[in-house]
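S.K.: The following block contains a protein sequence and its predicted model.
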Amino acid sequence: MAPLNLKTITTVPTAKDFIDIVLSKTQRGTPTVVHNGWSIQRIRQFYMRKIKFTQQNWEEKLTDILTQFPKVEDIHPFYADLLNVLYDKDHYKLALGQLNTAKNLIDRIAQDYLRLVKYGDSLYRCKELKRAAMGRMCTLMKRHGASLEYLEQVRQHMSRLPSIDPNTRTLLLCGYPNVGKSSMINKLTSADVEVQPYAFTTKSLYVGHCDYKYLRWQVLDTPGILDRPLEERNTIEMQSITALAHLRAAVLYLVDISEQCGYTIAQQAALFHSIKPLFANKPVMIVCNKIDVKKPEEISEADRALIEGMVKEARKISNGGIAGAINGGDDGDDKYCMFMSTLSEDGVMQVKQIACERLLEALVNLKASGKKAASAAVDLHIVQPKQGAVAAAASRPPVIPAGVAEARARRQAGERKRTEKDLQEENGGAGVYSADLKKTYLLEDSEWKYDIIPEIMDGHNIIDFVDADIDAKLAELEREEDELEREHEAAMAAGQVYNEDDELTAEERADLAKIQYRKRQIIAEHRAKKTAANNNPVLPNKHNARGRLTADAMRESLGPMGINTENALKRMRSESRGRKRTREVSRGRGGERGGDDMDMEDTEAPPQKRVHSSKSRTMSRGRSMSLADPKLGGGLKDNSMMNKAIKMADRAQRRMNKMAKSGEADRVILTKMPKHLFSGKTPGHSTRNHR
């Protein structure tokens, strides 16, 4: 069974907050307006949806509360009794039962009113039925306000309880108040329990953790117990009784031999004998504390007899009864009685070590005596060697290879393997010593490592692959280099500066200029594309040519290749569409015409239709914008397409203008504090706002 996690339970709201949460969620999760012209069937569905949504919210919230709180019947008996001691099990179960009943009643109310709304004959009747359904649900939850407040207090207290695992290895400290239990847990673990010189400083269970033999151990500090009947013990003492009764742990009963706690050794012994039924089947140890104040030798004979009586009972309980005590009577008292001081820390670690060992031994014996060990032994077949084989095995020494034995002998004699660094230091150091790489070659015969490469291999010699005239060619190259060096020295002596352009002809210079210009164009285009992150629109080549696909361009590009372009030019002229001469529209302001317009023919084409937009206030302004050529790379092939784009932008902006927006990205909120959100009164004690 996994340890119970009580810290993940969600907050239980009050009845008023519960109602606000559910109704506000219904308001946000369902439609809120009934429009004119709706049929009665649609109105019914509108209000039925609200009732059903509210019922589902109630059921979801109440189900979360009921499932998160632990059920007394399903948890470990330790937690069940602890809940009974702290919160009264009957009251706890009654509160959860009332919420479960409220959930069922809400479901029944929703069913009844859904049936009534289904046959509502008017908008008013459906609305009133919806109000009645929600009102009955809220009234029902108001009646359970006390249960919700009680469960919230229980949740808050549960979240502060320590996480105790009832099934892990545990050391449990118990005894009278102020005997040193909290000081001991502070020494054994990293816990920080309050220590004060008065009784009942520890009012609840505290847990700490420590390690022993690579295992995690749980140390539990319990409140002090007084020697009185069980019915008279308070809640603080009952927590210790619950831990002693249900936890499988090693019990350390602390005794204050100095009697500074306010109780004599006789009273502490009487308490031990009164609660010893709770120690059944657990390792018990008597720990005498505060030996720094009173030495064990200073204990009187009467008190020593009382301590020995407690040790005898502890041995009897730990060994399973009287028979176990007789069988285990030879064990020393060191396992059942120890002396220590939490102030000077004398004997604290020894107490921890012996207690852990005894608990491990008890757990192993418990598992070995269980049914699982017997069932597993049936399935196992253990092979036992014969008597002669056992004797032979005892006299047979281990087999150690000869190489391993020699290496051990050399290591014991002080010999050390020589490394490459040792060889380097012996042969001149770094920069002088050259490592021998051939000694690590893996060959069939180790004598081949230092053989010289043969001059003849497979019938060929290395000289066969060398050019026969290589010496003459090398001499010719050296002579040419000498001549060039002399010419360069003579030119430098005469003051002549070498320039590569002087060796180029006029045609070569023209070609070089074109190449350099084209290179600058390519670099500029690349930089422009890089700046725009290649986010430019892609146009067809015929629209993006910008004067490159012309007859003259075709003649200039194909002529140098030897291709005759006359026939192609004639065909282009014959297939081209004729154009009528029209009066040129002046580009000046105010409709002025140039002097060349008077020389045109009388026949005029109909005037070109102008496209006006909100961008143009006058005809001249619209003409100046619409007749301008589109920008290269802008995605528009001519001015008509640009005018069409302007009109589309105007139409898209009309909707923004109606909403007083400057564009699609305008997110300005003109009214910062709407009146319907910031008006009205709230109670003086309320911390909620209208938002």
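M.R.: In hand now; what should we look at?
S.K.: Please count neighbours and contacts with C-alpha atoms only from this point.
M.R.: Will do.
S.K.: Just checking, which helix or strand succeeds the helix or strand that contains residue 220 along the chain?
M.R.: Assigned by DSSP states H and E, residue 220 falls within strand 215-221. Using DSSP H and E, the helix or strand that follows strand 215-221 in sequence is helix 235-246.
S.K.: What are the contacting residues of that following helix?
M.R.: The contact list for helix 235-246 (CA atoms under 8 Å, 6 or more residues apart in numbering) reads 77-78, 81-82, 85-86, 166, 172, 174, 203-205, 222-226, 278-279.
S.K.: Tell me which of these fall in strands.
M.R.: 172, 174 (DSSP state E).
S.K.: May I have the residues that are in contact with residue 282?
M.R.: By CA under 8 Å, 6+ apart, the residues touching residue 282 are 248, 249, 250, 251, 317, 318, 362.
S.K.: Residue 70: which of those residues is nearest?
M.R.: residue 248 (21.9 Å; CA to CA).
S.K.: What is the burial count for that closest one?
M.R.: The local packing of residue 248 (other CA atoms under 10 Å) involves 22 other residues.
S.K.: Same question for residue 523.
M.R.: 12.
S.K.: my read is it is in a helix, agree?
M.R.: Yes - the assignment for residue 523 by DSSP: H, G, I helix; E, B strand; the rest coil puts it in a helix.
S.K.: Need the per-residue pLDDT for it.
M.R.: pLDDT, residue 523: 92.
S.K.: From residue 529, how far off is it?
M.R.: 10 Å (CA to CA, to the nearest Å).
S.K.: and if you look at residue 341?
M.R.: From residue 341 to residue 529 the distance is 83 Å (CA to CA).
S.K.: Likewise for residue 180?
M.R.: 81 Å.
S.K.: The two: which is more packed in?
M.R.: Regarding residue 180 and residue 529, a neighbour count based on other CA under 10 Å identifies residue 180 as having more, with 24 against 13.
S.K.: pretty sure residue 559 contacts residue 565?
M.R.: Yes - counting by CA atoms under 8 Å, residue 559 touches residue 565, with 7.3 Å between them.
S.K.: wait, doesn't residue 642 sit right on residue 649?
M.R.: No - taking contacts as CA under 8 Å, residue 642 lies outside contact range of residue 649: 10.7 Å.
S.K.: more neighbours, these two?
M.R.: The neighbour comparison of residue 642 against residue 649 (other CA under 10 Å) goes to residue 642, with 21 against 13.
S.K.: would JSON lines of the contacts of residue 282 with secondary structure, pLDDT and distance to residue 298 be doable?
M.R.: Formatted as JSON lines, the contacts of residue 282 follow (DSSP: H, G, I helix; E, B strand; the rest coil; pLDDT from 0 to 100; distance: CA to CA, whole Å):
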{"residue": "248", "secondary structure": "coil", "pLDDT": "86", "distance to residue 298": "35"}
{"residue": "249", "secondary structure": "coil", "pLDDT": "89", "distance to residue 298": "32"}
{"residue": "250", "secondary structure": "strand", "pLDDT": "91", "distance to residue 298": "29"}
{"residue": "251", "secondary structure": "strand", "pLDDT": "91", "distance to residue 298": "26"}
{"residue": "317", "secondary structure": "helix", "pLDDT": "85", "distance to residue 298": "28"}
{"residue": "318", "secondary structure": "helix", "pLDDT": "81", "distance to residue 298": "28"}
{"residue": "362", "secondary structure": "helix", "pLDDT": "88", "distance to residue 298": "34"}
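S.K.: In the residues you listed, which residue is surrounded by the most others?
M.R.: Ranked by the number of neighbours (other CA under 10 Å), those place residue 249 first, at 30 neighbours.
S.K.: Can you name the residues bridging to the closest residue to that one other than its chain neighbours?
M.R.: The shortest distance from residue 249 to any non-neighbouring residue, by CA to CA, 6 or more residues apart in numbering, is to residue 170 (4.7 Å). With DSSP bridges applied, residue 170 shows beta-bridge pairing to residue 218.
S.K.: Mind checking what secondary structure residue 680 has?
M.R.: On the three-state scheme (three-state DSSP), residue 680 is labelled coil.
S.K.: Which residues belonging to the helix or strand where residue 100 lies are considered buried?
M.R.: Using DSSP H and E, residue 100 sits within helix 89-118. Buried residues in helix 89-118, counted by 16 or more other CA atoms under 10 Å: 92, 95-96, 99-100, 102-103, 106-107, 109-110, 113-114, 116-118.
S.K.: for these, which one is nearest residue 128?
M.R.: For the buried residues of helix 89-118, the nearest to residue 128 is residue 117 (9.4 Å; CA to CA).
S.K.: In which helix or strand does the residue nearest to the closest one when sequence neighbours are not counted reside?
M.R.: Excluding the flanking residues, the one nearest residue 117 by CA to CA, 6+ apart is residue 126, at 5.5 Å. Assigned by DSSP H and E, residue 126 belongs to helix 123-143.
S.K.: and the helix or strand just after that helix, average pLDDT?
M.R.: Where DSSP H and E defines the elements, the next helix or strand beyond helix 123-143 is helix 145-159. Average pLDDT, helix 145-159: 91.
S.K.: in helix 145-159, what counts as buried?
M.R.: Using 16+ other CA under 10 Å as the test for burial, helix 145-159 gives 147, 148, 149, 150, 151, 152, 154, 155, 156, 158.
S.K.: Show me what it packs onto, helices and strands only.
M.R.: Identification of packing neighbours for helix 145-159 by 3 or more CA pairs under 8 Å, 6 or more residues apart in numbering; DSSP states H and E yields helix 89-118.
S.K.: Tell me what angle the helix it packs on forms with helix 123-143.
M.R.: 180 degrees (axes from the mean of the first three to the mean of the last three CA atoms, to 10 degrees).
S.K.: Distance from helix 89-118 to the middle of the chain?
M.R.: 39 Å (CA atoms, centre = their mean, to the nearest Å).
S.K.: Ok, stretch 231-241 next?
M.R.: 44 Å.
S.K.: got the CA positions of that stretch in PDB?
M.R.: Provided in PDB are the C-alpha atoms of stretch 231-241 (Å, rounded to 0.1, in the frame of the first residue of the first chain):
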ATOM      1  CA  GLU A 231     -10.200   6.900  28.400                       C
ATOM      2  CA  GLU A 232      -8.600   9.800  30.200                       C
ATOM      3  CA  ARG A 233      -5.800  10.400  27.600                       C
ATOM      4  CA  ASN A 234      -6.100  13.500  25.500                       C
ATOM      5  CA  THR A 235      -5.700  13.900  21.700                       C
ATOM      6  CA  ILE A 236      -1.900  14.600  22.000                       C
ATOM      7  CA  GLU A 237      -1.300  11.300  23.900                       C
ATOM      8  CA  MET A 238      -3.600   9.300  21.600                       C
ATOM      9  CA  GLN A 239      -1.400  10.100  18.600                       C
ATOM     10  CA  SER A 240       1.400   8.300  20.300                       C
ATOM     11  CA  ILE A 241      -0.900   5.300  21.200                       C
END
